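Novice: Make a model of this:
(one chain, ligands or ions: 2)
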Amino acid sequence: MRRLLQFDGRKVMALAGILAMMFVMGGCQSGPLLSKVSLSAPVISPNGDGANDSVAIDYALSRPGRISIKFTDAQGKEYPFHNREPRPRGSYSATFYGTYAPDASRPDRRVMPNGVYTVTVMAEDEKGVREEQRLQLTVEKTDDEPPLVTDASMTPGTVSPNGDSIDDEAVLGYGLSKKSRVTISIVDEKGNSNLLEAENEKTAALHSHLWDGTAGGRLLPDGAYDIHIQARDASGNLTDQVVKAAIKGGGTARLEITSVRFTPQSVPVGGVLNVEIKVRNSGTTSLRTIGPRPGTAYDMVSNFMQFKDASGDSLYYERPGVWRVGVSWDQTDRPYPVRWGLLENSDRTLEPGETATITGSVRIKDIRTREVRFWAGVIQEGIGFGERVGQKTIVISY
Ligand SMILES: [Ca+2]
Ligand SMILES: [Ca+2]
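Specialist: Numbering: from 1, shown residues only. Ligands and ions are numbered 1, 2, ... in the order given. Next up is the predicted model:
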């Protein structure tokens, strides 16, 4: 405060002068708010041919305000473009592609019909002062027939992407009424959107998209989703068709063998080699299994297909997606001829984190070598085999 008091009279006068000038400049704010309103061309032809497909609407604001732009046809029908959008002071250029949203709550867009329109640019400042300017714009050579997305459906409506071959994938089918560029995205209940298929030109025909519960290579969480099929034609008409979808029981299927024990190490021809295999469900989903039940005895010329029901059909054929463990050896005619289910009760599933011990036996038969290598592996029927583990050389005695 002491220093301020030391100002001499001339400095105080200069300060007062600056304040007075600032006051006068503030008074200028009653001048024109909206200026330099113009169109880059008087005509727009939104048809994707590269000529006059868009038009720039230029304007300037001398102070902060809200800008509204609308088009009015000869019959008085209004097409809003900007609605009270806040803008700082400055010069602007708004690009208009000749389309509008018939329903502001939906992504659909329609191109404005051919005709002559009045363009009204309106600005409103913070005190509610409004100014507007009008221009004329002709829309021509446009195609206002929108693309239709027909027969949209997903089968099945709920997928369970867990690698068990039951409802792991769904087919999203749809038709297009005209050639369009199509984008497919998926939106969760919180509104998060993920791309399923990037924009791609499609013909006026039936199309499909195979969906496995993932987006961008990641499995989406269980829940309800909206799949959006968006078709855009050359003029900018855009139709958004929603198909309901759900994911239930999604997860990663993984079965690991934690130990394998073959006993004894030396077996006479006609003797029995015992095996004990311990497994753990190290995935995030339940694993289905089938027989033959643990403990089932085989010999070296039999296999899991030999168990028949009363009508002679194989009881334990390779049902896609089910999990078993198996034992294989040198010179087998098929991989893992002897297989066992993971659980005594194959109506039950092996849950994530759960372990199981599977025992079985193979009688040594029809073998002419002195040593045979045996090993174990997990099998997901119809999908593939796990790595060869627990390999052991068994000495055959005669
Ligand atoms: Ca054009
Ligand atoms: Ca499944």
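Novice: Helices of the stretch 51-200 of the chain, residue ranges please.
Specialist: Secondary structure of the stretch 51-200 of the chain by DSSP state H, counting those that start in this stretch: no helices are present.
Novice: average pLDDT across the host helix or strand of V275?
Specialist: Secondary structure assignment for V275, by DSSP states H and E: strand 272-281. Across strand 272-281, pLDDT averages out at 98.
Novice: For that strand, buried residues please.
Specialist: L273, V275, E276, I277, K278, V279, R280, N281 (16 or more other Cβ atoms under 10 Å). In short, each C-beta sits where N, CA and C put it, glycine included.
Novice: With respect to ligand 2, which of the residues you listed is nearest?
Specialist: Using Cβ to the ion, N281 is the member of the buried residues of strand 272-281 that lies nearest ligand 2, at 15.1 Å.
Novice: What is the neighbour count of the residue nearest to that closest one when sequence neighbours are not counted?
Specialist: In this structure, N281 finds its nearest non-sequential neighbour in L350, 4.7 Å apart by Cβ to Cβ, 6 or more residues apart in numbering. Here the number of neighbours of L350 (other Cβ atoms under 10 Å) works out to 21.
Novice: Report the separation between the residue nearest to S40 when sequence neighbours are not counted and P352.
Specialist: In this structure, S40 finds its nearest non-sequential neighbour in A56, 3.9 Å apart by Cβ to Cβ, 6+ apart. Using Cβ to Cβ, to the nearest Å, A56 is found at 58 Å from P352.
Novice: More neighbours: these two, which one.
Specialist: P352 (17 against 13).
Novice: wait, Y174 sits on M154?
Specialist: No - between Y174 and M154 there is no contact under Cβ atoms under 8 Å: 9.5 Å.
Novice: Between the two, which contacts overlap?
Specialist: V243 (Cβ atoms under 8 Å, 6 or more residues apart in numbering).
Novice: Quick check: the residue of this structure nearest ligand 1.
Specialist: Nearest residue of the chain to ligand 1, counting by Cβ to the ion: S45, 3.5 Å away.
Novice: Not counting its neighbours along the chain, what's nearest that residue?
Specialist: In this structure, S45 finds its nearest non-sequential neighbour in K141, 4.0 Å apart by Cβ to Cβ, 6+ apart.
Novice: contacting residues for that neighbour?
Specialist: S45, N47, D49, N114.
Novice: Count the neighbours of the last one for me.
Specialist: When neighbours are counted by other Cβ under 10 Å, N114 registers 14.
Novice: Look up phi and psi at the residue nearest to R370 when sequence neighbours are not counted.
Specialist: In space, R370 comes closest to I396 once its chain neighbours are excluded; the distance is 5.8 Å by Cβ to Cβ, 6+ apart. Main-chain dihedrals, I396, degrees, to the nearest 10: phi -100, psi 130.
Novice: begin at 9 from here
Specialist: Got it, the first residue is 9 from now on, which makes the last one we talked about I404.
Novice: Let me know whether I404 touches Q273 as I believe.
Specialist: No - taking contacts as Cβ under 8 Å, I404 lies outside contact range of Q273: 10.8 Å.
Novice: higher neighbour count, those two?
Specialist: The residue with more neighbours, out of I404 and Q273, is I404; 17 against 10, by other Cβ under 10 Å.
Novice: Alright, I will stop here.
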